[in-house]
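K.L.:
attaching a predicted model along with its sequence, questions to come.
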Amino acid sequence: MTKQDLVASAAQAAGVTKKAAGEVLDSVLGMITKSLKKGESVTITGFGTFRVSQRAARTGVNPRNPSEKIKIPAMKLPAFKAGKSLKDAVK
């Protein structure tokens, strides 16, 4: 399912226009992104939790030259943990 499909389904289910549903979806995704940028987690009860995870710096191998070692910097990554209701629905 693409974002367009999601907007169309939400618009039909809520009885609103696709434009309104698209604006709401963009707004929700924007708020989730802003919260993650601040380092906050976002919990949607019954669905799951979006959070920021830390990946430590490490040494890796250059795939073009396997004998060469490269330094991979530490970074922050978005992560999602599904809630119980979502897990049960997918089973």
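P.N.:
On my side now, so go ahead. Just so it is clear, the model here is predicted, and its values are computed rather than measured.

K.L.:
count of neighbours near Ala21?
P.N.:
20 (other C-beta atoms under 10 Å). C-beta: built from backbone N, CA, C; applies to glycine.

K.L.:
can you tell me the closest non-neighbouring residue to it?
P.N.:
Leaving aside its chain neighbours, Ala21 sits nearest to Ala11 (3.8 Å; criterion: C-beta to C-beta, 6 or more residues apart in numbering).

K.L.:
the one you found sits in which helix or strand?
P.N.:
If you go by DSSP states H and E, Ala11 is part of helix 3-14.

K.L.:
helices or strands up against that helix?
P.N.:
helix 18-37 (3 or more C-beta pairs under 8 Å, 6 or more residues apart in numbering; DSSP states H and E).

K.L.:
what comes up buried for the following helix or strand past the helix it packs on?
P.N.:
Per DSSP H and E, the first helix or strand lying C-terminal to helix 18-37 is strand 42-44. Buried residues in strand 42-44, counting neighbours by 16 or more other C-beta atoms under 10 Å, are found at Val42.

K.L.:
before we move on, what about stretch 10-20?
P.N.:
Ala10, Ala11.

K.L.:
contacting residues for the residue in the chain sticking out farthest from the centre?
P.N.:
Distance from the C-alpha centroid of the chain peaks at Ser67, with 35.1 Å (C-alpha atoms, centre = their mean). By C-beta atoms under 8 Å, 6 or more residues apart in numbering, the contact list for Ser67 is empty.

K.L.:
before we move on, back to that, orientation of the helix holding Ala11 relative to helix 18-37 in degrees?
P.N.:
120 degrees (axes from the mean of the first three to the mean of the last three C-alpha atoms, to 10 degrees).

K.L.:
okay, helix 3-14 in CSV with CA atoms only?
P.N.:
Extracted in CSV, the C-alpha atoms of helix 3-14 (Å, rounded to 0.1, in the frame of the first residue of the first chain):
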residue,chain,number,x,y,z
LYS,A,3,0.8,6.7,0.6
GLN,A,4,-1.8,7.6,-2.1
ASP,A,5,-3.7,4.3,-1.4
LEU,A,6,-3.7,5.1,2.3
VAL,A,7,-5.0,8.6,1.7
ALA,A,8,-7.7,7.3,-0.6
SER,A,9,-8.8,4.6,1.9
ALA,A,10,-8.8,7.1,4.8
ALA,A,11,-10.8,9.6,2.8
GLN,A,12,-13.4,7.0,1.9
ALA,A,13,-13.7,5.6,5.4
ALA,A,14,-14.0,9.1,7.0
